[in-house]
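Undergrad: need a structure here:
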Amino acid sequence: MPILDEHTLDFFTRSPEQTRRIGMRLGGQLKAGDVICLQGDLGAGKTTFTQGLAQGWGSSDSVSSPTFVLVNLYRRPNGESLFHLDAYRLDSIPEAEELDFDSMLADGALIIEWPEKLGTLIPENRLLIELDHIAEEQRRMRIHARGKRYDELLDLIRQSMFGA
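TA: Numbers count the residues shown, from 1 in each chain. The predicted model follows:
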């Protein structure tokens, strides 16, 4: 388990199931106001990871990439929300501003694919997960925490995966 620094975790997954399980572990810890950014090329595993996140969070909804609708909403039985935003097709920051992140974060957690398209609209404190396609079944994941809440989430991931 290479640790680049206390705010970063770098490792490899060996199957889509393992990528999904890591998402499940994180999803079980999410709460309203949390921001998870997923960065990686097409096919890097962002949707697979999000499927695990939503399942671990407690949604029974089917997860798919929201590329064409921009935002998918998943709900827990208690009514809490998980928003899944795909910024790939956003053409401008003003277009993104219309999405009203503040109300999403007040009502639930937010997963953002292609966060680099949103510039300064993304909250400074967040968890950034970079996914890289290494081989057919293998992905590299690098998780960066920004802010105390996200350091705590990173520690929980570290403990659940490695017991360290």
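
Undergrad: use CA for all of it now, contacts and neighbours both
TA: OK.

Undergrad: quick one, what contacts Glu130?
TA: Leu38, Gln39, Gly40, Arg140, Met141, Arg142, Ile143 (CA atoms under 8 Å, 6 or more residues apart in numbering).

Undergrad: who does the fourth one bridge with?
TA: Going back to what we said before, that points to Arg140. Beta-bridge partners recorded for Arg140 (DSSP bridges): Phe12, Asp132.

Undergrad: hmm, back to that, among the contacts of Glu130, which are in strands?
TA: Those of those mapping onto strands are Leu38, Gln39, Arg140, Met141, Arg142, Ile143, per DSSP state E.

Undergrad: the contacts of Glu130 into a markdown table, with extra columns for pLDDT, neighbour count and distance to Ile111?
TA: Shown next, in a markdown table, are the contacts of Glu130 (pLDDT from 0 to 100; neighbours: other CA atoms under 10 Å; distance: CA to CA, whole Å):
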| residue | pLDDT | neighbour count | distance to Ile111 |
| --- | --- | --- | --- |
| Leu38 | 96 | 25 | 7 |
| Gln39 | 95 | 21 | 11 |
| Gly40 | 93 | 17 | 14 |
| Arg140 | 93 | 20 | 19 |
| Met141 | 94 | 21 | 16 |
| Arg142 | 95 | 19 | 16 |
| Ile143 | 95 | 19 | 14 |
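
Undergrad: what about Arg7, how many neighbours?
TA: Not Arg; residue 7 is His. 18 (other CA atoms under 10 Å).

Undergrad: spatially nearest residue to it (excluding sequence neighbours)?
TA: Ala145 (5.1 Å; CA to CA, 6 or more residues apart in numbering).

Undergrad: assign a three-state SS to the one you found, would you?
TA: Following DSSP: H, G, I helix; E, B strand; the rest coil, we place Ala145 in the strand state.

Undergrad: by mean pLDDT, which helix or strand of this structure comes out lowest?
TA: Each helix and strand of the chain was given a mean pLDDT (mean pLDDT, DSSP states H and E); the minimum falls on helix 93-97 at a mean of 80.

Undergrad: if you count neighbours, what's buried in that one?
TA: For helix 93-97, a neighbour-count test (16 or more other CA atoms under 10 Å) marks Ala96 as buried.

Undergrad: name the residues of the longest helix seen in the chain that come out as buried.
TA: Longest helix in the chain, counting residues (DSSP state H): helix 148-162. For helix 148-162, a neighbour-count test (16+ other CA under 10 Å) marks Tyr150, Asp151, Leu153, Leu154, Asp155, Leu156, Ile157 as buried.

Undergrad: need the residues you listed in TSV (columns: pLDDT and distance to Arg21).
TA: Below are the buried residues of helix 148-162 laid out as TSV (pLDDT from 0 to 100; distance: CA to CA, whole Å):
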residue	pLDDT	distance to Arg21
Tyr150	97	19
Asp151	96	20
Leu153	94	15
Leu154	94	15
Asp155	92	16
Leu156	90	14
Ile157	88	11
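
Undergrad: this completes my enquiry, with thanks.
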